[in-house]
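Chemist: my questions are about this predicted structure, shown below with the sequence.
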Number of protein chains: 2
Amino acid sequence: MGKVRVIEIHEDVMSDNNKEALEVRDTLDKKGTFLLNVMSSPGSGKTTALSAVINLIKDKLKVALMDVDIESSLDADKVSDLTGVPSIQIHNGGLCHIDASMTKRAIAEFDAKDVDLLILENIGNLVCPAEFDTGAHKNIMIFSVPEGDDKPLKYPLMFSVCDVVLISKMDTVDFFDFDMEKAKSNIRGINKDAIILPISAKTGEGMDEFAAWILDSVNEHKRK
Amino acid sequence: MGKVRVIEIHEDVMSDNNKEALEVRDTLDKKGTFLLNVMSSPGSGKTTALSAVINLIKDKLKVALMDVDIESSLDADKVSDLTGVPSIQIHNGGLCHIDASMTKRAIAEFDAKDVDLLILENIGNLVCPAEFDTGAHKNIMIFSVPEGDDKPLKYPLMFSVCDVVLISKMDTVDFFDFDMEKAKSNIRGINKDAIILPISAKTGEGMDEFAAWILDSVNEHKRK
């Protein structure tokens, strides 16, 4: 614990986020690095699910992780402990999001070399992170069973910007009033193209499919 | 469903929040109304727990509820259906918080009369709502077991501004790796004075204590 590097990165209020996001993608495209932005509520199981999927793909891809939090380093430490991949913790000065300018500075300071897949574990929040293009190639979110099947209706922007919605903690579905068909229909009403994938890091449900989607996305990005 | 009034209230960026918060409290003090601000993550069970506690106290106090969300009216509808108390839905224009100026305008438009207890169900978010004094007399938060015992370490400001931390969904504690002593110790490290109360709206655990705390707080406010 406490062994990963911590970078303090605060917001540059003068930056043009859309322009910075294009620059981030352009820089990463030249390096052959695919950036995956992962968003969710606090406590949705992001760190656990990411650690599990990293262990399924780390022999096939060079993976690194940047974790964003307000002031703790728990998540970057946990991923580093569970997977051994290079991880850094970004402290964002108490903001509820990370933007492209902050992502750019984090990537520049993170000296991980020849990375195929860089995962940005965003701050736990269903409002602000959806408003900022971080420069990622794909956005995904993790939406956990205990949060309830109505969340897409309450946080529509978040569900609208994601390429994949993982429904996590499926091992607890029998203990909650969670209607999977209603959840899927609520997501589809906002984002008809999103891939919806029920997962459980505990039982392994859906984890091979999640790993396969990541491998396909990174390989497709490399071919371009 | 869909029967509660919806008020659109957007941020007044020119307002002095601390000054407005004092004005809100002063106005409510003159009316004898106690304002309780309730914060949490998305999906922590706020609406369910509040509906259950309102049913325990509504014969003793005149209760009303203002629910803040981005664009849905699910929560105000649900509280209205489950309790019958006057409820309104505030749409905050996509923001991740509500401030005192917004609270003031909501109260002015909400024509509930002679209210003893006005509950502000804040937007589901552990970052932004903690940064704004809404003008409430007390702040509480609901922190659910599935979110994990480390959340106080990750969202310290939220835990520091609350008078009471309710640990909700206690009926699911056996299904999660949730260490109650660690959770309490993490809260205590940030806020040694917070009342910590484990609850379950499903089994009723802790609900009488939660109701008693509300009644005591409202009565103490009336005596001042």
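Modeler: Okay, I see it. None of these values were measured; they are calculated from a predicted model.

Chemist: quick check: what element follows the helix or strand harbouring A:Asn139 along the chain?
Modeler: In this assignment (DSSP states H and E), A:Asn139 forms part of strand A:138-144. Heading C-terminal from strand A:138-144, the first helix or strand you meet, by DSSP H and E, is helix A:151-154.

Chemist: those strands in chain A, which residues are they?
Modeler: According to DSSP state E, chain A carries its strands in the segments A:5-8, A:34-40, A:63-69, A:87-91, A:117-124, A:138-144, A:164-168, A:195-198.

Chemist: of all the ones you listed, which lies closest to chain B?
Modeler: Set against chain B and scored by C-beta to the nearest C-beta, the strands of chain A come closest in strand A:63-69, at 5.9 Å. (C-beta placed from N, C-alpha, C; glycine too.)

Chemist: same for that closest one, what does it pack against?
Modeler: helix A:46-57, helix A:74-83, strand A:87-91, helix A:100-109, strand A:117-124 (3 or more C-beta pairs under 8 Å, 6 or more residues apart in numbering or on different chains; DSSP states H and E).

Chemist: run through the bridge partners of the residue nearest in space to the middle of chain A.
Modeler: Against the mean C-alpha coordinate of chain A, by C-alpha atoms, centre = their mean, the closest residue is A:Val38 at 1.2 Å. Note on A:Val38: beta-bridge partners by DSSP bridges are A:Glu121, A:Ile140.

Chemist: about what we covered before: can I get the helices and strands packed on strand A:63-69 in CSV with mean pLDDT?
Modeler: Supplementary listing: the helices and strands packed on strand A:63-69 in CSV, determined by pLDDT from 0 to 100:
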stretch, mean pLDDT
helix A:46-57, 97
helix A:74-83, 93
strand A:87-91, 92
helix A:100-109, 91
strand A:117-124, 96
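
Chemist: what about the lowest-mean-pLDDT helix or strand in chain A and chain B, touching?
Modeler: For chain A, counting by mean pLDDT, DSSP states H and E, strand A:5-8 ranks last in confidence among helices and strands (a mean of 80). No. Judged by C-beta under 8 Å from any C-beta of the partner chain, strand A:5-8 stays clear of chain B, getting no closer than 14.0 Å.

Chemist: ok, back up a step: correct me, but the residue nearest to the centre of chain A touches A:Thr134?
Modeler: No. A:Val38 sits out of contact with A:Thr134 when judged by C-beta atoms under 8 Å, with a separation of 10.4 Å.

Chemist: so what sits against both of those two?
Modeler: Counting by C-beta atoms under 8 Å, 6 or more residues apart in numbering or on different chains, the common neighbours of A:Val38 and A:Thr134 are A:120, A:122.

Chemist: now do the longest helix out of those in chain A: which elements does it pack against?
Modeler: Using DSSP state H, we find that the single longest helix of chain A is helix A:207-223. Judged by 3+ C-beta pairs under 8 Å, 6+ apart, helix A:207-223 is in contact with strand A:34-40, helix A:46-57, strand A:195-198.

Chemist: out of the ones you listed, flag the one nearest B:His97.
Modeler: strand A:34-40 (18.2 Å; C-beta to C-beta).

Chemist: show residues contacting the closest one.
Modeler: When contacts are defined by C-beta under 8 Å, 6+ apart, strand A:34-40 is touched by residues A:24-25, A:28, A:46, A:50, A:103, A:116-122, A:124-126, A:129-130, A:134-144, A:158, A:162, A:214, A:217-218, A:221-222.

Chemist: redo that, cut-off 6 Å
Modeler: Strand A:34-40 is contacted from outside by A:28, A:46, A:117-122, A:129, A:134, A:136-142, A:218, A:221, using C-beta atoms under 6 Å, 6 or more residues apart in numbering or on different chains.

Chemist: so, low pLDDT: which residues of chain A?
Modeler: A:1-3 (pLDDT under 70).

Chemist: show me what from it comes close to chain B.
Modeler: A:41-43, A:69, A:72, A:74, A:96, A:125-128, A:146-148, A:150-151, A:153-154, A:172, A:175 (C-beta under 6 Å from any C-beta of the partner chain).

Chemist: and the angle from the longest helix of chain A to strand A:117-124?
Modeler: Helix A:207-223 runs at 120 degrees relative to strand A:117-124, counting by axes from the mean of the first three to the mean of the last three C-alpha atoms, to 10 degrees.

Chemist: angle of helix A:207-223 against strand A:63-69?
Modeler: Computed by the same axes, to 10 degrees, the angle separating helix A:207-223 from strand A:63-69 equals 110 degrees.

Chemist: what comes up buried for helix A:207-223?
Modeler: Buried residues in helix A:207-223, counted by 16 or more other C-beta atoms under 10 Å in any protein chain shown: A:207, A:210-211, A:213-215, A:217-218, A:221.

Chemist: can you list contacts of it?
Modeler: A:32, A:34, A:52-53, A:56-57, A:61, A:116-117, A:137-138, A:197, A:199.

Chemist: pull the distance from that helix to the chain's centre.
Modeler: Relative to its chain's centre, helix A:207-223 lies at 14 Å (C-alpha atoms, centre = their mean, to the nearest Å).

Chemist: can you check stretch A:51-61 too?
Modeler: Chain-centre distance of stretch A:51-61: 15 Å, with C-alpha atoms, centre = their mean.

Chemist: export the buried residues of helix A:207-223 to JSON lines and tack on distance to B:Asp111?
Modeler: Output for those, formatted as JSON lines (distance: C-beta to C-beta, whole Å):
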{"residue": "A:Met207", "distance to B:Asp111": "53"}
{"residue": "A:Phe210", "distance to B:Asp111": "50"}
{"residue": "A:Ala211", "distance to B:Asp111": "55"}
{"residue": "A:Trp213", "distance to B:Asp111": "51"}
{"residue": "A:Ile214", "distance to B:Asp111": "53"}
{"residue": "A:Leu215", "distance to B:Asp111": "58"}
{"residue": "A:Ser217", "distance to B:Asp111": "53"}
{"residue": "A:Val218", "distance to B:Asp111": "57"}
{"residue": "A:His221", "distance to B:Asp111": "56"}
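
Chemist: closest one of those to B:Thr203?
Modeler: Taking C-beta to C-beta as the measure, B:Thr203 lies nearest A:Met207 of these, at 32.3 Å.

Chemist: next, count neighbours for A:Glu121.
Modeler: Neighbourhood size, A:Glu121 [other C-beta atoms under 10 Å in any protein chain shown]: 26.

Chemist: re earlier: now distance to B:Ser15 too, for the helices and strands packed on strand A:63-69, in a markdown table please.
Modeler: Formatted as a markdown table, those follow (distance: least, C-beta to C-beta, whole Å):
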| stretch | distance to B:Ser15 |
| --- | --- |
| helix A:46-57 | 35 |
| helix A:74-83 | 35 |
| strand A:87-91 | 29 |
| helix A:100-109 | 28 |
| strand A:117-124 | 26 |
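
Chemist: what's the burial count for A:Lys27?
Modeler: Quick fix: residue A:27 reads Thr, not Lys. Burial measure for A:Thr27: 15 neighbouring residues, criterion other C-beta under 10 Å.

Chemist: one step back: out of the buried residues of helix A:207-223, which comes closest to chain B?
Modeler: Taking C-beta to the nearest C-beta as the measure, chain B lies nearest A:Met207 of the buried residues of helix A:207-223, at 18.0 Å.
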